[in-house]
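J.: here is a sequence with its predicted model. Questions after.
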Amino acid sequence: MTSCILPSASAAHESSAWFDAETHPGVRFRVARISVARRIDLARKIREIGRKVEFLEAGQDPREKLEAAVLVAEIDRVYLEWSLEEIQGLTIDGEAATPAALIEKGPLDLAKEMLGRIKRECGLSEDQRKN
């Protein structure tokens, strides 16, 4: 019989994490961390779009390449909607920024920074983050 010794301190896990924006000092944002259920949910949301991107990128027609670029941007939007939970220290058009407002009207450089952080939190490689 094997005995187990339990540690005296229990482990703690936060399901989301706060980050300070580098591109916009004073702005903080909270992203959901990956879990088994969330990974499955994300995969379902981007699976079909990803297949279409691969097909279109393989084509030679410039219109297909353009459509692939649009779909890649849609995948980025899915990542932001899926993980960005809260923003502090930013106003957009005089209102406190929300994830939806950031996606629709916010500064592109900040959205890209947040997207990069989300993809790193998901454990994506540099090449995967570029796509």
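T.: Alright, I've got the coordinates. Numbers count the residues shown, from 1 in each chain.

J.: mind listing residues that contact stretch 71-89?
T.: 16, 21, 24, 26-32, 38, 41-42, 45-46, 49-50, 52-53, 56, 96-100, 102-103, 111, 114-115, 118-119, 121-122, 131 (CB atoms under 8 Å, 6 or more residues apart in numbering). Bear in mind the C-beta positions are built from the backbone N, C-alpha and C, glycine included.

J.: any chance you could map the strands in this protein?
T.: Ranges of strands in the chain, per DSSP state E, are 16-20, 28-32, 84-88, 91-92, 95-96.

J.: need those in JSON lines (columns: mean pLDDT, mean neighbour count and distance to Lys65).
T.: Converted to JSON lines, those look like this (pLDDT from 0 to 100; neighbours: other CB atoms under 10 Å; distance: least, CB to CB, whole Å):
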{"stretch": "strand 16-20", "mean pLDDT": "96", "mean neighbour count": "13", "distance to Lys65": "33"}
{"stretch": "strand 28-32", "mean pLDDT": "96", "mean neighbour count": "19", "distance to Lys65": "31"}
{"stretch": "strand 84-88", "mean pLDDT": "97", "mean neighbour count": "17", "distance to Lys65": "28"}
{"stretch": "strand 91-92", "mean pLDDT": "97", "mean neighbour count": "12", "distance to Lys65": "32"}
{"stretch": "strand 95-96", "mean pLDDT": "97", "mean neighbour count": "10", "distance to Lys65": "37"}
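
J.: now those strands as TSV including distance to Ala73?
T.: Shown next, in TSV, are these (distance: least, CB to CB, whole Å):
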stretch	distance to Ala73
strand 16-20	22
strand 28-32	19
strand 84-88	16
strand 91-92	19
strand 95-96	24
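
J.: excluding its backbone neighbours, what's nearest Leu84?
T.: Pro99 (4.2 Å; CB to CB, 6 or more residues apart in numbering).

J.: for that neighbour, give me its contacts.
T.: Contacts of Pro99 by CB under 8 Å, 6+ apart are 80-81, 84-87.

J.: tally of neighbours for Thr98?
T.: Thr98 has 15 neighbours, counted by other CB atoms under 10 Å.
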